[in-house]
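Enquirer: Pasting the sequence and the predicted coordinates here, then a few questions.
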Amino acid sequence: MVIAIGGIALWHVLRTPWLLHKEVLGAGGGTGDVHWGHGLFGMVVLAGVLGGGGLYARGQLAKPIKPVMTPPYVEPKNSLRKRTLGLANDLNIFLTERWSRRPPGHGGDATKYDQATLDLYMKLYKNRMVGTLQELQDKGLDTGLLAAPGGASSRFLLPDEIRQFRDLAYHLDEKGNVVRF
């Protein structure tokens, strides 16, 4: 808008001496006397407009320009979503490793091995699992049977339950807000 108005003003300043010249030389007559000051005045106005515009532009372009885009949000390493996914991955690796070394059959050595697996889970993962489930419940997510009395607090989770636990992480955005689908 300002550029358009400035352009119109500049056009009129440049056109005025030409109109005066046309009036003097025109057949329609005129005063015939045009003082040389009119031309000088036009040049002074033109120099003022160009000089002022240049100073204004230099002042505006010298200012630092704010970035147009804000820097992307970086999810903290200890966000609830990352902790939930990390715990689900750790549990998956733990159970896969334990199941691959389980003695065949039922009873005897297999029962002792299963009890050792449960003891290891209780020692290494129970507190993290119960705490993470509580945080997910505090956010308003339905943890279902995972947080029930016979769930993660009293036994290790099965692969399908680990998948359900991992799915809870996908209901959180990078800032920890609940996302409803």
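Expert: Structure received.
Enquirer: residue nearest the centroid of this structure?
Expert: With distances taken as C-alpha atoms, centre = their mean, P72 lies nearest the centre of the chain, 4.1 Å away.
Enquirer: a helix runs through it, doesn't it?
Expert: No: according to DSSP: H, G, I helix; E, B strand; the rest coil, P72 belongs to no helix; its state is coil.
Enquirer: buried set for the longest helix along the chain?
Expert: Determined from DSSP state H, the single longest helix within the chain is helix 36-61. Neighbour-count burial for helix 36-61 flags G42, V45 (criterion: 16 or more other C-beta atoms under 10 Å). Where C-beta positions appear, they are placed from N, C-alpha and C, glycine not excepted.
Enquirer: Does anything pack onto that helix? Which helices or strands?
Expert: On a contact count with 3 or more C-beta pairs under 8 Å, 6 or more residues apart in numbering; DSSP states H and E, helix 36-61 meets helix 2-25.
Enquirer: centre of the chain versus the helix it packs on, how much separation?
Expert: 51 Å (C-alpha atoms, centre = their mean, to the nearest Å).
Enquirer: elements contacting it?
Expert: helix 36-61.
Enquirer: So what touches stretch 156-173?
Expert: With contacts defined as C-beta atoms under 8 Å, 6 or more residues apart in numbering, stretch 156-173 is touched by 79-81, 84-85, 87-88, 91-92, 95, 117-118, 121, 125, 129, 133, 136, 139, 141, 143-144, 146, 151-152, 178-181.
Enquirer: Pop the domain breakdown of this structure in here.
Expert: 2-61, 80-169 (automatic domain parsing).
Enquirer: quick check: mean pLDDT across the shortest one?
Expert: The pLDDT scores in domain 2-61 average 72.
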